[in-house]
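>>> need the 3D shape of this:
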Amino acid sequence: MKTKKFVFLFSLFLILTMVLGACAQAVPEVEKIVETVIVEVEGEQVVQEKVITATPAAEAEEPVAEGGPIVVGEGNLVPCQPIPEIPEAAAYSVASTSGIVSDVPQVEKPDMLKVRVEPQQTGNIYRVGSFEDVTTLNYWASNGPDNTVYNNFMLPERLTLYELTDKYFTFVPNLAAALPEPLAEEGDFWVVTIPLREDVSWSDGTPFTAEDVAFTANAVLDLGLISGNWVSWYDPNYLDHMEAVDTYTVKILYHTKPGLARHEYGTLQAPILSSAYWSPIVDAALEPVKALGDEPAEDALAAAQAEAHDVLFSHVPDGEPLAGAFLLTKWEQGAFLDDGAYPNYADKRLVVEQWANGAYRDSAGFETGAPEGDVETTYEFGPHVDAVVYSIYGSQDAAYLALQDGEVDFVLNSLGLQKGLADKLAQDPNLTVTENSVNGFRYLSFNTRRAPMNDCAFRQAVSVLIDKEFVTGTILQGVAFPQYAFVAPGNTAWYNSDILELGKGLERAQRTELAKAILKQAGFSWEGDVEPTWDEENRQVTQAGRLLLPDGTPVPELTMPAPSPGYDPLRSTFAIWIETWLNEFGIPLKANLAGFNVIVPIIFTEQDFDMYILGWSLDLFPSSLRDFFHTEQAVADGNNAGGYSNPDFDAAAEALLACESFETCGEIANELQMILSEELPYVVLFDTPMREAFRSDMVEYPWTTGLSGLQYGHRDGSMQSYTKIK
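Model prediction:
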C-alpha cells in the first residue's frame, strides 16, 4: 500500500508541535463594592482591596439604553488607521496597576456540593464527571446551533471515512478500506472513488454501505447546513454531491477543486449517519424546500432551508443506529447520561502501534510512515468497559469532590484545572495530575453590526486597555498565560509569531494615552471634553466623560455576556476587569455573567450582544481562520456571531480552503493571522495549560501526554474506547 507524501510530512509537523509545545436571559446588573481584606498569598497574609459583587433582586430588569443599539449592518466596517505613536507624556515607566486590586472571584459554595447519581449501568463501568450537561441528543443539532464541547465529549461517536490517530495525528483509514487516491478531473468535476470496508454493521444489524456515506453528504447539501461543524465537513463551496457506485464504493464529486482543509481534513473526516433511520426524517424536513421546485429564488430557498433546519433539529432520536464503540442508553437531563458498549463494534480488539515520528501500524495489516526507533505507544481498541456513565454535577467544586471521593474516575473540563486545585489534588496518592499544551484560546468578541464595535479604532482601543499580563500574572497569580494569536502557540506548525500584539508590554499610563490617541485619530471625543488621564499620584485612571462617536452622539449602553464564576472564574475575572477599565474610560459597558449553556444561544442564535467572552477548542488545520470570520458564517447559528465582514479578508480566507501544500497553506494562514491581529474582530485574551486529574488507582489510559491532554482524547469517544478499569 503506497503512502502519500503529505501524510508523512503532516505527521512530522505535528510531532514538532508536540515536542515544542510538550472552550437565556441576561443576569441583572451587578454592583461593585471595594473593601479592604486580609488574604493569604503564598503563605503570607497581605492586605488587598477586593471587588465584592452584590447581586440585586432577580426581578430587576435591565434598563434599556437610550436610543437602543445602533445597527450598522454587515460590510459597514470602519477601516483601520495606522497605529499612532504613544504620546511622549506617557513614555515614562510606571507600575502596571489600577486603582483596584481584585482576587479571583470566589465561587459561592452551596449547601449541597455534590449530586450523587447511582449508575444506570452495572458491571465494569468507566465513570466520568461533568459540570455541564449535553443540550441535545440530535447529532445534526449538536454540530450545528448546539455545537458545544460537552455534546462532543458525551454523545456517542459517529464513524468517518478517515481519521487522525490520537496523540500523533497520523491520517489513517477508518471506514475506508485504503488511503485515498489523488483527486482527478472528470468532466466538470474533481472526483475520487473510495472503497469501503465490508465488516462494519450498524447497531440495528444492517450493514454499513456507500448509501450511508452518500446520504449524509447529500442531506447536508440539500438542507444548506453551514452552522457549527457542518461547513468544514461538507462545504457546498466545493462539494457538489456524492454517489454510491455500488454497495461498498462511494464517489465524491467536487465542482471546485478543494485543498487540504476541505478534502483531507474536511470531507474525508466527516461523520456518517444511518440512511435507513434518517432518510424519512430528512425527507420530511425538506418538504418546504421541495415545494419551491427547480431553481428557486435565493431568498425563498434560504427561508425554506431555515424552516427545514427547525424541523430536523427538533427531532428527538429514538433507537438511532450507531456503529461506534458505544451506544446511547439513557439521558436524565441534569443528572446523568449513559453510553453502553456496542458488542459488535468492528474495530474491537484492534491493536495499534505508533512511533514518535508519526509512523503507524495496526493488527489488521495497515501501516503508514517509516518507523524510526522503538514503538512509542501501543493501545488496543475496546470497549474494555460495559458502559461509560457521565454524572452531571452542579459545579466544578462538586465534580472534583466526587473525583476525590471515588465517585468518578475523571472529570471532563475543557477549561483545565486551576493551578491551586491541581496542586491540592496532586497530594492525593490515588490521583495523578497531568499538564499539557493546549490548542485553543479564550477571547472577547465584538458585534461588528453595531456601532462603535464596527469601528476598527474602537476595537483596537479596547484591546490596548485590556492588560492581559496584569490579570494573568498579578490577579490570577500565573494560573493562566496571556495570548494574542488566533492560532494557538502550541500548534507550532501553523502559529505566526510575527502578528501585531497590540498593547503588549505597555504600562497603564501608556495604555491610557495610546487608546486615547487611537480614538481621537478616528474622530471620537468625550462629553464635556473630560478625557481619561493617568493620575500618577493616586496611580489610577481618572474618570472620563462618556465617549462620543465621531458624529457626536454618545456611545450607547453596551452589554457583554460572559461565563459566571461558577463555570469559569478566570473568564469572569477578565469580564469584571474589562468592565472596570472601559467604564473609567467613558465606555458604558456592563458584564452579564451567566452559565455556559445560557450564553451560547444568546451569542450564536439570538446574536443579541455588543461584546461577549467565550472560548474555542481548535482543530489542527487552521481552517477556523476562515470559518470564524468569513461573511458566509455571519448568519444566525453561524460561527461568525460577531458579523465581521471584510471582502478582502474573505478572498484571502477562501484561498486557505483551496491550497494543496503545507507551504502554500502556511503562507496564507500567516497572512490571515496578520489581518486579524490588526482588525481585531476578537481580542484573544488568554488560555491555561491543560491540567487534568484522574483516578490512577482505578483507570488506565494508553497515554496521558499530548496536545490538549486527555480532554482532546475524549472528544468523539476514542479515549473512552481505550480506557481500562484496573
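>>> list phi and psi for L327.
phi -120, psi 140 (degrees, to the nearest 10).
>>> so it versus E435, what's the distance?
With the distance defined as Cβ to Cβ, to the nearest Å, L327 ends up 34 Å from E435. For the C-beta atoms, the positions are set from N, CA and C on the backbone; glycine is no exception.
>>> out of the two, which sits in the busier spot?
Higher neighbour count among L327 and E435: L327, with 20 against 17, using other Cβ atoms under 10 Å.
>>> my read: that one touches Y342, true?
Yes - judged on Cβ atoms under 8 Å, L327 makes contact with Y342 at a distance of 5.0 Å.
>>> shared neighbours of those two, which are they?
Jointly contacting L327 and Y342 under the rule Cβ atoms under 8 Å, 6 or more residues apart in numbering are S203.
>>> what about T580, which SS state?
Assigned with DSSP: H, G, I helix; E, B strand; the rest coil, T580 falls in the helix class.
>>> check what pLDDT it gets.
Looking at T580, its pLDDT stands at 97.
>>> go on, K5?
According to the prediction, K5 has pLDDT 35.
>>> so where's the stretch 251-400 of the chain uncertain?
Residues of the stretch 251-400 of the chain that meet the criterion pLDDT under 70 are absent altogether.
>>> where along it do the helices fall?
Secondary structure of the stretch 251-400 of the chain (DSSP state H, counting those that start in this stretch): helices at 275-285, 287-290, 298-313, 396-404.
>>> so which bits of stretch 553-563 are buried?
Of all the residues in stretch 553-563, those buried under the rule 16 or more other Cβ atoms under 10 Å are 554-563.
>>> sorry, wrong one. I was asking about stretch 699-714.
If you call a residue buried by 16+ other Cβ under 10 Å, then stretch 699-714 has these buried ones: 699, 701-704, 706-714.
>>> stretch 648-657 now?
Buried residues in stretch 648-657, counting neighbours by 16+ other Cβ under 10 Å, are found at 649, 652-653, 655-657.
>>> let's have the helices of the stretch 251-400 of the chain in TSV, adding mean neighbour count and distance to T492.
Output for the helices of the stretch 251-400 of the chain, formatted as TSV (neighbours: other Cβ atoms under 10 Å; distance: least, Cβ to Cβ, whole Å):
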stretch	mean neighbour count	distance to T492
helix 275-285	18	40
helix 287-290	15	44
helix 298-313	16	38
helix 396-404	21	30
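>>> do you know which of the ones you listed lies nearest E531?
Proximity to E531 (Cβ to Cβ) singles out helix 396-404 among those, at 41.9 Å.
>>> same for that closest one, what does it pack against?
For helix 396-404, the helices and strands in contact under the criterion 3 or more Cβ pairs under 8 Å, 6 or more residues apart in numbering; DSSP states H and E are strand 125-130, strand 410-412, helix 419-426, strand 690-695.
>>> for the stretch 501-650 of the chain, what spans make up the helices?
When assigned using DSSP H, counting those that start in this stretch, the helices of the stretch 501-650 of the chain occupy the ranges 508-521, 569-584, 596-601, 624-627, 647-658.
>>> need those in TSV with distance to E295, can you?
Shown next, in TSV, are the helices of the stretch 501-650 of the chain (distance: least, Cβ to Cβ, whole Å):
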stretch	distance to E295
helix 508-521	49
helix 569-584	47
helix 596-601	34
helix 624-627	28
helix 647-658	25
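>>> mind telling me which of the ones you listed the model trusts least?
When mean pLDDT is averaged over each of these, helix 596-601 scores lowest at a mean of 90.
>>> what residues does that helix touch?
Judged by Cβ under 8 Å, 6+ apart, the contacts made with helix 596-601 from elsewhere in the structure are 24-25, 132-133, 135, 145-146, 148, 561-563, 567-568, 612, 614.
>>> name only those of those that count as buried.
Among the contacts of helix 596-601, those classed as buried by neighbour count (16+ other Cβ under 10 Å) are 132-133, 135, 145-146, 148, 561-563, 567-568, 612, 614.
>>> so which one among the residues you listed has the lowest pLDDT?
Y567 (86).
>>> which residues touch that one?
Taking Cβ under 8 Å, 6+ apart as the contact definition, Y567 lies against 131-132, 396, 595-596.
>>> so which of those comes closest to K516?
F596 (35.2 Å).
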